[in-house]
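J.: after the sequence you'll find the predicted model.
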Amino acid sequence: MNIIKHLLTGSITSAIIIGNSSSWADDSAFPEPFGLKWGMSNQELIKAGFNSPRPTGQFEYLTSITAPKPWSKGDQYLALTYKSKLVKLIVNSKSITGDVYGTQGKALYDNVKAIMTKKYGQPTDKLEYVGMKLYDDADQFYQCLDYDGCGNYITQYDLSGGLLAIQIEGQGRGKGYIKIIYESPEFYVAKDQVNNADKADDLEAF
């Protein structure tokens, strides 16, 4: 599976309408999942089991098949760092296969959503629909999710200046996986710094 998908093109907030409310206490720190800490260096992530960092623009990413406190259904972990500091995390579940109606995928998605809602309160927003374009039969659940604009299964929580999301990704007929995304507040600070640097470089270039 392609764990890099959607990670390096920006924040997931473009895929969902952002609400204004948050049930997570304003003075609470943004969650630190899987036994990792925001701001960890690349070397600390390597010691925790991640591979050596690889560049992607102004960021770097490191991958692992486990974490200090792994998710029981997790298959791949991806850490995004900026100036060698952890700012974003993604975990993908093991691939779900032979599930043409999406029954298993939706059950795992709902299970994770129930855990997150119990821990952090009601989600800020969600989009859960399929069949808008091309793939509109009940046994084409994952094909639809894999086709741009056909469907989305995503739940989002705005927490303490960061963002947590759960999403079902399609990989073809009867095949998909669950993706859990943590974007720390530092991720948005890093994005702003990168964007401002790009603007300054463009101004100088012209």
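T.: Yes, it's here.
J.: contacts, neighbours, all on C-alpha from now
T.: Fine.
J.: who are the packing partners of the helix ranked longest in the chain?
T.: Ranked by residue count under DSSP state H, the longest helix found in the chain is helix 185-205. If you count contacts as 3 or more Cα pairs under 8 Å, 6 or more residues apart in numbering; DSSP states H and E, helix 185-205 packs onto strand 85-93, strand 162-172.
J.: for the strand or helix carrying Tyr177, give the mean pLDDT please.
T.: Element membership for Tyr177 (DSSP states H and E) is strand 175-183. In this model, strand 175-183 has a mean pLDDT of 98.
J.: tell me the helices and strands packed up against that strand.
T.: Secondary structure elements in contact with strand 175-183, counted by 3+ Cα pairs under 8 Å, 6+ apart, are strand 85-93, helix 103-120, strand 162-172.
J.: beta partners of the most centrally placed residue in the chain?
T.: Geometric centre of the chain, nearest residue: Ile181, 2.4 Å, by Cα atoms, centre = their mean. Beta-bridge pairing for Ile181 (DSSP bridges): Ile90, Ala165.
J.: look up how far Leu89 lies from it.
T.: Going from Ile181 to Leu89 by Cα to Cα, to the nearest Å gives 6 Å.
J.: tell me the contacts of Val130?
T.: By Cα atoms under 8 Å, 6 or more residues apart in numbering, the residues touching Val130 are Asp136, Phe141, Cys144, Leu145, Cys150, Gly151, Asn152.
J.: could the residues you listed go into JSON lines alongside neighbour count, pLDDT and secondary structure?
T.: What follows is the contacts of Val130, written out as JSON lines (neighbours: other Cα atoms under 10 Å; pLDDT from 0 to 100; DSSP: H, G, I helix; E, B strand; the rest coil):
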{"residue": "Asp136", "neighbour count": "15", "pLDDT": "92", "secondary structure": "coil"}
{"residue": "Phe141", "neighbour count": "28", "pLDDT": "97", "secondary structure": "helix"}
{"residue": "Cys144", "neighbour count": "28", "pLDDT": "96", "secondary structure": "helix"}
{"residue": "Leu145", "neighbour count": "23", "pLDDT": "96", "secondary structure": "helix"}
{"residue": "Cys150", "neighbour count": "18", "pLDDT": "95", "secondary structure": "coil"}
{"residue": "Gly151", "neighbour count": "23", "pLDDT": "94", "secondary structure": "coil"}
{"residue": "Asn152", "neighbour count": "25", "pLDDT": "95", "secondary structure": "strand"}
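J.: can you give me the neighbour number for Trp71?
T.: Using other Cα atoms under 10 Å, Trp71 has 16 neighbouring residues.
J.: against Val91, how distant is it?
T.: 8 Å.
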